[in-house]
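J.: Below are the sequence and a predicted model for it; my questions follow.
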Amino acid sequence: MKIDRDEARRIADLAHLEFDDAGLDRMAEEMTTILGYIETLAAVDTEKAGEDAGTTPLRDDVLAPSVDREKVARNAPAWENGFFVVPAVIEGE
Amino acid sequence: MSDVLELPFTEARAQVTPAEYVEASMRAIESRNTALNAFLRVSEKPIGDFPIAIKDNIVTTDMPTTCASRILGDFLSPFDATVIGRLRARGAAIVGKTNLDEFAMGSSTEHSAFGPTRNPWDTSRVSGGSSGGSAAAVAARMVPAALGSDTGGSVRQPAALCGIVGVKPTYGRVSRSGLVAFASSLDQIGTLTKTVRESAELLGIIAGHDPLDSTSSSGAVDDYTADLDKGVRDLRVGVIPEGLDKLNAEVRKNFDEAIDVFRRGGAKIADAHVPSIESSIAIYYVVANAEASANLARFDGIRYGMRSGVGGGLDDVYFGSRAQGFGPEVKRRIMLGTFALSSGYYDAYYGRAQRVRERLRGEFDAAFRKFDVLLTPTSPEAAFRIGEKVDDPLTMYLSDIFTAPASLVGIPAMSVPAGFNAAGLPLSLQIAAPHFGERVMFRAGAFFERETTYWKRLPPL
């Protein structure tokens, strides 16, 4: 699979990453090399694959103490009145 | 008095007071860390009976956790990881947090945002990774033991390159709560120590079910020290031939000599074919990166860590924080993982990799019907030079060829010092066992260590 600059940009948008054009070109080239190696998997016969590893048990859905709010606030880049502060999501006037 | 940090844990505790033990570690860190960059942070006032170092992707309430990334800023966890709580309850003094490849993504610790950790045997060479700081700290006798995390070899490979013991337990044996997630179906906390017994003792402390990690096993924890003196007479030891063609002559000879040690001990040796091992790096770099791209979506500049792009809209914060906060290897892996999960490619990449992974698991299950333990080298080569592979991601990835398989199928595996090459760099043997077969793994490792005693040789400090 050959990744070009446009495809690298599409993936970067999905991943919330940004690169300049030179960065996109370098990323596209590295991804092409690594995906080329990964594509050797297509040649493996998986008809006789083993069983899958099973499922993870879920805990009971009951209330339990969570982390301390004050300590959460201390790590927040912006915090006000018990809330994380973020840029406006809805365009105002 | 000989340096207490050169003694096995139990002997050291018999010789000195707890305060002296912790103090000896703090002094060793102070004198040796500048040359090695093994520690990102040292505790100001460690309290406890014995010193231990912790990889800086395991959260602690008394020291920040950085994951060797700029994106976490000075993040201070509101809670201790479950393993930290267990260690503190048994008297451990956390003396410091150790360096790693950013978010544990790497095999050399060169991808740390805070500079590489150097190998104590030759400071122009890498310590391995991603738990390179923990490995160098133990190898240089700055601490008697350290915790690391292993996703595709990140405990075993640095232990190998630094000449110490590294253990990745069975997936689910140790709680992952408080281990910053990289690839959730692979991550497992493991131990780095001078000797096999110390790892067995340490695993006994940290293993066990945890309600905060639903993938942790509720099975009883074995006494991992029970069979250490038992030897290997009649033990069925399988040698995996796949991948051995990738070894240089020196490593190959060393591996053959290691097999001979088991033969002389009365083990029954035979070839154990696991053909899909040849596919394990390809599987690993799809599965691990796919899971990483999802796990690292949480680092977005909103709830903790650094925020960039302020003054713009929400997207500016997301994109700006991640662009400035993540290093190049982390971005590369997020890109690959996002691609493998994206619409139109999911089946061909992620789905395909999971099916080959199931095939690999089936092959290991078949091998363990005939064998008690399986042997390979831990790493195809000794420690490489800093800078040698950092610009060639695929070559770097291939250094995980012998360690990734155990992570993909969830079995326990350990690396044990197996001698030195002509340049005096450590070489290593890997011993793998069936799911929850840690006891027989430690038995085989302890036998090999007794017969060889390579652990007694110290790096130039």
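T.: Everything's here; your move. Numbers count the residues shown, from 1 in each chain, chains lettered A, B, ... in the order given.

J.: which residue packs closest to residue B:61, ignoring adjacent ones?
T.: In space, not counting the residues next to it along the chain, residue B:61 is nearest to residue B:80; the distance is 5.2 Å by CB to CB, 6 or more residues apart in numbering or on different chains. Where C-beta positions appear, they are placed from N, C-alpha and C, glycine not excepted.

J.: which stretch of helix or strand covers the one you found?
T.: Following DSSP states H and E, one finds residue B:80 outside all helices and strands.

J.: repeat for residue B:323
T.: Here residue B:323 is covered by helix B:314-325, with elements defined by DSSP H and E.

J.: Now for residue B:51: which residues touch it?
T.: Under the criterion of CB atoms under 8 Å, 6 or more residues apart in numbering or on different chains, the contact partners of residue B:51 comprise B:21, B:22, B:24, B:25, B:26, B:92, B:93, B:95, B:143, B:144.

J.: I figured residue B:386 hits residue B:118, correct?
T.: Yes. Contact criterion CB atoms under 8 Å: residue B:386 and residue B:118 qualify, at 7.2 Å.

J.: buried set for the helix or strand hosting residue A:37?
T.: Applying DSSP H and E as the criterion places residue A:37 in helix A:21-38. Buried residues in helix A:21-38, counted by 16 or more other CB atoms under 10 Å in any protein chain shown: A:23, A:24, A:27, A:28, A:30, A:31, A:34, A:35, A:38.

J.: sorry, back to before: anything in the helix or strand just after the helix holding residue B:323 near chain A?
T.: In the C-terminal direction, the helix or strand that comes right after helix B:314-325 (DSSP H and E) is helix B:328-341. Yes. Judged by CB under 8 Å from any CB of the partner chain, helix B:328-341 comes into contact with chain A at B:331, B:332, B:334, B:335, B:336, B:338, B:339.

J.: Kindly reformat those residues as JSON lines containing pLDDT and neighbour count.
T.: As requested, the residues of helix B:328-341 next to chain A are exported to JSON lines (pLDDT from 0 to 100; neighbours: other CB atoms under 10 Å in any protein chain shown):
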{"residue": "B:331", "pLDDT": "98", "neighbour count": "21"}
{"residue": "B:332", "pLDDT": "96", "neighbour count": "21"}
{"residue": "B:334", "pLDDT": "98", "neighbour count": "28"}
{"residue": "B:335", "pLDDT": "98", "neighbour count": "25"}
{"residue": "B:336", "pLDDT": "97", "neighbour count": "28"}
{"residue": "B:338", "pLDDT": "98", "neighbour count": "24"}
{"residue": "B:339", "pLDDT": "97", "neighbour count": "27"}
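
J.: center of chain A, which residue is that?
T.: By CA atoms, centre = their mean, chain A has its centre lying nearest to residue A:15, at 5.8 Å.

J.: returning to that earlier point: model confidence for the residue nearest to residue B:61, exactly?
T.: According to the prediction, residue B:80 has pLDDT 97.

J.: hmm, back to that, quick check: neighbours shared by residue B:386 and residue B:118?
T.: Common contact partners of residue B:386 and residue B:118 (CB under 8 Å, 6+ apart): B:124, B:125, B:126.

J.: can I get the residues you listed in TSV with neighbour count?
T.: Putting the shared contacts of residue B:386 and residue B:118 into TSV (neighbours: other CB atoms under 10 Å in any protein chain shown) gives the following:
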residue	neighbour count
B:124	11
B:125	22
B:126	29
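
J.: Next step: those residues restricted to strands.
T.: Within these, membership in strands is found for B:124, B:125, B:126, as judged by DSSP state E.

J.: Hmm, the last one is touching residue B:383, no?
T.: Put plainly, it is residue B:126. Yes. Applying CB under 8 Å as the test, residue B:126 and residue B:383 come out as touching, 5.6 Å apart.

J.: Are there residues contacting both of those two? Which ones?
T.: Between them, residue B:126 and residue B:383 share the neighbouring residues B:119, B:161, with contact defined by CB under 8 Å, 6+ apart.

J.: contacting residues for residue 28?
T.: Defaulting to chain A. Applying CB under 8 Å, 6+ apart to residue A:28 gives the contacts A:3, A:4, A:5, A:7, A:8.

J.: Chain B, not that one
T.: Neighbouring residues of residue B:28 by CB under 8 Å, 6+ apart: B:3, B:5, B:140, B:141, B:142, B:143.

J.: Just give the closest residue to the first one, not the sequence neighbours.
T.: In this case it means residue B:3. Sequence neighbours aside, residue B:141 is the residue nearest to residue B:3 in space, at 6.6 Å (criterion: CB to CB, 6+ apart).

J.: helix, strand or coil for the one you found?
T.: For residue B:141, the reduced secondary structure class is coil; criterion used: DSSP: H, G, I helix; E, B strand; the rest coil.

J.: Same question for residue B:129.
T.: coil.

J.: hang on, the earlier thing: would you mind putting the contacts of residue B:28 into JSON lines with neighbour count and distance to residue B:11 alongside?
T.: Written out in JSON lines, the entries for those read as follows (neighbours: other CB atoms under 10 Å in any protein chain shown; distance: CB to CB, whole Å):
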{"residue": "B:3", "neighbour count": "12", "distance to residue B:11": "12"}
{"residue": "B:5", "neighbour count": "19", "distance to residue B:11": "11"}
{"residue": "B:140", "neighbour count": "28", "distance to residue B:11": "19"}
{"residue": "B:141", "neighbour count": "21", "distance to residue B:11": "14"}
{"residue": "B:142", "neighbour count": "31", "distance to residue B:11": "18"}
{"residue": "B:143", "neighbour count": "31", "distance to residue B:11": "16"}
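
J.: any idea which of those residues is least confident?
T.: Lowest in pLDDT among those is residue B:3, which has 90.

J.: got the CA coordinates for the helix or strand that residue B:85 is a member of in PDB?
T.: Residue B:85 belongs to helix B:82-89 when elements are defined using DSSP H and E. The C-alpha coordinates for helix B:82-89 follow below in PDB (Å, rounded to 0.1, in the frame of the first residue of the first chain):
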ATOM      1  CA  THR B  82      -2.300  -0.900  42.200                       C
ATOM      2  CA  VAL B  83       1.300  -2.300  42.100                       C
ATOM      3  CA  ILE B  84       2.600   0.800  43.900                       C
ATOM      4  CA  GLY B  85       0.000   0.300  46.700                       C
ATOM      5  CA  ARG B  86       1.000  -3.400  47.000                       C
ATOM      6  CA  LEU B  87       4.700  -2.400  47.200                       C
ATOM      7  CA  ARG B  88       4.200   0.300  49.700                       C
ATOM      8  CA  ALA B  89       2.200  -2.100  51.900                       C
END
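
J.: what does the helix or strand that that helix is followed by contact?
T.: Helices and strands here follow DSSP H and E; after helix B:82-89, the next one along the chain is strand B:92-98. Residues from elsewhere that reach strand B:92-98, judged by CB under 8 Å, 6+ apart: B:18, B:22, B:25-26, B:29, B:38-43, B:46-56, B:60, B:62-66, B:84, B:87-88, B:117, B:131, B:133-134, B:137, B:143, B:146, B:148, B:205.
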